[in-house]
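S.K.: pasting a predicted model and its sequence here:
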Amino acid sequence: MDFNGRVLLPSKYRKILSLHPNDLAELRAEGQKVILTAYGRRCRICGGKEKILDCSGFFLCESCKAKIP
């Protein structure tokens, strides 16, 4: 853990979880354990996982992107 409290997730585990930059993940504590659940690339607005587009590092589904002016 670094000075700011950040924890580095080694590439071995990122590969196992198929995590990529800006993917969604949940971090929670259960007793003395920290659990990381990877959700992968999902729409940042609706949480959908179909037809995901990379919009400058933010993932949106086609439907939500179409609603943005």
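M.R.: Yes, it's here.

S.K.: Three-state assignment for the residue nearest to residue 35 when sequence neighbours are not counted, please.
M.R.: Spatial nearest neighbour of residue 35, chain neighbours left out: residue 28 (5.2 Å); criterion: CB to CB, 6 or more residues apart in numbering. (C-beta placed from N, C-alpha, C; glycine too.) For residue 28, the assignment made with DSSP: H, G, I helix; E, B strand; the rest coil gives strand.

S.K.: contact partners for residue 28?
M.R.: 34, 35, 37 (CB atoms under 8 Å, 6 or more residues apart in numbering).

S.K.: and the nearest residue to residue 19 once chain neighbours are set aside, what does it touch?
M.R.: Residue nearest to residue 19 in three dimensions, not counting chain neighbours: residue 38, with 5.2 Å by CB to CB, 6+ apart. Residue 38 sits next to 17, 18, 19, 23, 24, 25 when contact means CB under 8 Å, 6+ apart.

S.K.: nearest to residue 9, of the residues you listed?
M.R.: residue 19 (7.3 Å; CB to CB).

S.K.: how near is the closest one to residue 36?
M.R.: The gap separating residue 19 from residue 36 is 9 Å, by CB to CB, to the nearest Å.

S.K.: those strands in this structure, which residues are they?
M.R.: 24-30, 33-40, 52-55, 58-61 (DSSP state E).

S.K.: quick check, residue 59 in contact with residue 22.
M.R.: Yes - using CB atoms under 8 Å, residue 59 is in contact with residue 22, at 6.6 Å.

S.K.: list the residues that contact residue 44.
M.R.: So residue 44 contacts 24, 58, 59, 60 (CB under 8 Å, 6+ apart).

S.K.: right, I'll leave it there.
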